[in-house]
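A.B. asks: This is the structure alone, sequence omitted:
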Ligand code: MN
């Protein structure tokens, strides 16, 4: 069984790159381009990992993370925030609202899978 990753990201280029990298590494990818769709998709798919862009139109990533944590079956799903390097305070805030870790934009294609997998593995170990 492939690991299911839901990407919630409004930027087409980032979505394309993240999807490409994940599929190349044998993950099963699901896409949502805004927060509302992301929350709906998370409930129906029950992904193993949620990659959550913080800067989304309308409902931002913090609000999305809070909402996801209120859904019983998603309470322990690893959420990895995708934050902009330039935005001071984003990472701390992301963790505060329920994310388990973060990766910084711009995404480094050579490092991204490793960074994500590291957060996922650490999280899974804490759960045991
Ligand atoms: Mn964005």
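C.D. replies: Structure's in. What do you need? Model, not experiment: these values are computed from the prediction.
A.B. asks: What separation do you get for residue 77 and residue 4?
C.D. replies: 10 Å (CB to CB, to the nearest Å). For glycine as for every other residue, the C-beta is placed from the backbone atoms N, C-alpha and C.
A.B. asks: for residue 50, same thing?
C.D. replies: Computed as CB to CB, the residue 50 to residue 4 distance reads 10 Å.
A.B. asks: Which of the two has more residues huddled nearby?
C.D. replies: residue 50 (28 against 15; other CB atoms under 10 Å).
A.B. asks: If you count neighbours, what's buried in whatever helix or strand residue 121 lives in?
C.D. replies: Secondary-structure assignment from DSSP states H and E places residue 121 in helix 112-127. Buried residues in helix 112-127, counting neighbours by 16 or more other CB atoms under 10 Å, are found at 112, 115, 116, 119, 120, 123.
A.B. asks: Contact residues of this structure facing the ion?
C.D. replies: 10, 11, 53, 55 (CB under 5 Å from the ion).
A.B. asks: Counting by contacts, list what the helix holding residue 121 packs against.
C.D. replies: helix 12-24, strand 49-53, strand 79-84, strand 101-105 (3 or more CB pairs under 8 Å, 6 or more residues apart in numbering; DSSP states H and E).
A.B. asks: pLDDT on that helix, on average?
C.D. replies: Helix 112-127 carries an average pLDDT of 88.
A.B. asks: again with stretch 97-107
C.D. replies: 93.
A.B. asks: That stretch: which residues count as buried?
C.D. replies: 97, 98, 99, 100, 101, 102, 103, 104, 105, 107.
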